[in-house]
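**Student:** Here is my input; please provide its structure:
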Amino acid sequence: MDAQQENNGFGRIPQRRGESAKAFAKVLVFVLAIPCVIAVFIAQDKEVIKDYVFLFPLYLSGRLLLSFLIGKVMQKICLLWEESRHRQTRYNGSWMKVLNSTFGFSSGDAIFFAVTLLLLPLSYALRLECKTFTHVDYQFWLLCATSCWVALLSFAAGCREPSLAEVSRINERENKNVADGLAWGYYLAYLKIVLPKLDQRIDNSEEYREKIKSKKLYILIPKDCYTFQKINDADSRVTAAGDLEPYVIYRAGTKRVYNNTVQRIQYTGEACYLVLEYATTLTTLYEMRSATEAGLSREQKEEQLECSTFSHVDGQFGLLILNSCWVAWLSIAAGCREPSMVEISRINERENKNVADGLAWGYYLAHLKIVLPKLEDQIDKSEKYRGKIKSKKLYILVPKNCNTFQRIQDADSRVKADGNLEPYEIYRAGTKRVYKHTVHSIQYTAEEEPCYLVLEYATTLMTLYEMSKYTDSGLGSEQREEQEILDECLDCRNKYELVPFSGEATKIADVLTNKIRDTAVTVRAEAHA
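**Tutor:** Residues are numbered from 1 along each chain as shown. Predicted coordinates for the structure are as follows:
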């Protein structure tokens, strides 16, 4: 089967990038080094061969390593200047945190530094003995070969990864931070929906239209991201007075109920009424801390290698230092030391710092983690559906193009909303949240009984689709990340089915039919195993 046709036209799900590039670099380091060592032992003219394939490359390695380290330090000095401007806002005024973010060195850097210190005096001594230094033509080609070897060695040792500050700067520039994903989700999936209707809902309320003087949504943003279920738990003077009329719409195939709570603030005199809540995305951030290593805990290294050209042997040590500094500054000024998008993507995947990660975590912590553990109970409590719904899972549609219809029947007329399970209500971040599941019936033929499923689009995809109007975003890692996150939660495991499909001309009823049949076959196979 064509790879693009797998998963109902969705294509293959991208896998997380690994460390095979480093492993390949290590292999090449040894492949290039072993012939040189062998040549020294089997050559007839050992003096000449030793000069060309062993001593001179050893000499160049010491100088190139020095150039590499000097270039690295110069780049970090430039980064330090930029990060020092944000010392108060990003690092709580701590110079130590600024230095750690820009001058973080790994074990690979330490090994490089030690090898450089070892090779420098050795290379200086070799300069006096090696006859190769008199052959300028040969020096150039040996320099090129040795430069390749040093570049591979630096990559294999893990010394070429971008620093924490570099990754953060690029993510901010490209809107690819976890926080960007959460913020976009909060805006597009909530604020953009409820704010335009807020004035009207206040005016429609007989109880609060005169009491609420400021017709705005006041959003509390605690610095530590901790939000109480009820604002009254944080300050007893703030009490929930009631709710505005719910705003109900269909979004991504599911009926969504948006509630806003009116809070009463009692000062010494007259009470003040406000539409007040926490920024719910902060609850997600706070919960992420206990669910994933999403913090800035690992130091990342820079990406670009510098090479120095040898033109004169005598006095080259001092010139090498000056040239290395100049080349490093020039490359930074010209923007040649920027990490590639593959490197940034790989680091973001490893550290859970993509926009898609933020959206996936928001969808999981603010929706799936809440509703999935209760789903089976809600089905069993429903007199209408307890006997009709055979698969007590939430089926999540994942169209490749991220385009979701307000109602699933608009995508496939055979899939119709039949009703809703009992709503599940909780207070979250100071506001009453109502979670609803829509039961859909799938009518294949007029003779067959309809199939009933709890079905919805992954609502975060609608956010991604709307984000495309403002910023470039992809889907592949989000869909993969969603499944990885869900499988870590025991309460959610085996209570959902991700259903990827092309999202274009695909018939949803056919996709679901195949999915249900595949699931049934898998269950029977596991039962007989």
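**Student:** if you go through the stretch 251-400 of the chain in chain order, where are the helices?
**Tutor:** 280-291, 316-333, 341-351, 355-363, 369-381 (DSSP state H, counting those that start in this stretch).
**Student:** tell me the mean pLDDT for the shortest one?
**Tutor:** In this model, helix 355-363 has an average pLDDT of 74.
**Student:** what do you get for the third one?
**Tutor:** Averaging the model's pLDDT scores along helix 341-351 yields 54.
**Student:** And the last one, by the same measure?
**Tutor:** Average pLDDT, helix 369-381: 89.
**Student:** wouldn't T102 be in contact with H86 here?
**Tutor:** No - using Cβ atoms under 8 Å, T102 makes no contact with H86, being 11.1 Å away. For every residue, glycine as well, the C-beta is placed using N, CA and C.
**Student:** Looking at the two, which one has more neighbours?
**Tutor:** T102 (22 against 13; other Cβ atoms under 10 Å).
**Student:** low-scoring stretches of the stretch 201-350 of the chain, by residue?
**Tutor:** Confidence mapping of the stretch 201-350 of the chain against pLDDT under 70 gives the ranges 268, 289-350.
**Student:** what about the strands in it?
**Tutor:** 212-220, 238-243, 247-251, 254-258, 261-266, 271-278 (DSSP state E, counting those that start in this stretch).
**Student:** can I have the second one written out in PDB, keeping just the CAs?
**Tutor:** In PDB, the C-alpha atoms belonging to strand 238-243 read as follows (Å, rounded to 0.1, in the frame of the first residue of the first chain):
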ATOM      1  CA  VAL A 238     -15.000  36.800  46.200                       C
ATOM      2  CA  THR A 239     -18.000  34.600  45.900                       C
ATOM      3  CA  ALA A 240     -19.800  33.100  42.900                       C
ATOM      4  CA  ALA A 241     -23.100  34.900  42.600                       C
ATOM      5  CA  GLY A 242     -24.500  33.000  39.600                       C
ATOM      6  CA  ASP A 243     -24.000  32.200  35.900                       C
END
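**Student:** Pull up the pairing partners for that strand, direction included.
**Tutor:** strand 261-266 (antiparallel) (DSSP bridges).
**Student:** Dump the C-alpha coordinates for the strand it pairs with into CSV.
**Tutor:** Extracted in CSV, the C-alpha atoms of strand 261-266 (Å, rounded to 0.1, in the frame of the first residue of the first chain):
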residue,chain,number,x,y,z
THR,A,261,-19.7,32.8,36.2
VAL,A,262,-20.5,36.2,37.8
GLN,A,263,-18.4,36.8,40.9
ARG,A,264,-19.5,39.1,43.7
ILE,A,265,-16.7,41.0,45.4
GLN,A,266,-17.6,42.4,48.9
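**Student:** Next, the buried residues of it.
**Tutor:** Neighbour-count burial for strand 261-266 flags 261-264 (criterion: 16 or more other Cβ atoms under 10 Å).
**Student:** Quick one, which of the strands of the stretch 201-350 of the chain gets closest to A114.
**Tutor:** In terms of Cβ to Cβ, the element of the strands of the stretch 201-350 of the chain nearest to A114 is strand 271-278, at 50.8 Å.
**Student:** what's the angle from that closest one to strand 261-266?
**Tutor:** Orientation check (axes from the mean of the first three to the mean of the last three Cα atoms, to 10 degrees): strand 271-278 against strand 261-266 gives 130 degrees.
**Student:** what does strand 271-278 contact?
**Tutor:** Defining contact as Cβ atoms under 8 Å, 6 or more residues apart in numbering, one finds that strand 271-278 is touched by 198, 202, 208, 211-222, 227-228, 231, 238, 241, 244, 260-265, 429-431.
**Student:** Please repeat the previous calculation with a cut-off of 7 Å.
**Tutor:** 198, 208, 211-212, 214, 217-220, 227, 231, 241, 260-265, 429-431 (Cβ atoms under 7 Å, 6 or more residues apart in numbering).
**Student:** Just the buried ones from those?
**Tutor:** Buried among those (16+ other Cβ under 10 Å): 198, 208, 211-212, 219-220, 227, 231, 241, 260-264, 429-431.
**Student:** do you know how far the closest residue in space to I265 that isn't next to it in sequence is from K192?
**Tutor:** Distance criterion Cβ to Cβ, 6 or more residues apart in numbering; nearest residue to I265, sequence neighbours excluded, is C272 at 4.5 Å. From C272 across to K192, the span is 27 Å (Cβ to Cβ, to the nearest Å).
**Student:** Neighbour count for those two, which is higher?
**Tutor:** C272 (16 against 12).
**Student:** So that one versus T459, what's the distance?
**Tutor:** 34 Å.
**Student:** and what of I408?
**Tutor:** 13 Å.
**Student:** more crowded one of these two?
**Tutor:** I408 (27 against 20).
**Student:** quick one: contacts for that one?
**Tutor:** So I408 contacts 253, 415, 440, 455, 508 (Cβ under 7 Å, 6+ apart).
**Student:** What of R433?
**Tutor:** 259, 425-426.
**Student:** Relative to Y273, how far out is K216?
**Tutor:** On the measure of Cβ to Cβ, K216 and Y273 end up 12 Å apart.
**Student:** try A183
**Tutor:** A183 is 28 Å from Y273, by Cβ to Cβ.
**Student:** again with R209
**Tutor:** Counting by Cβ to Cβ, the gap from R209 to Y273 is 10 Å.
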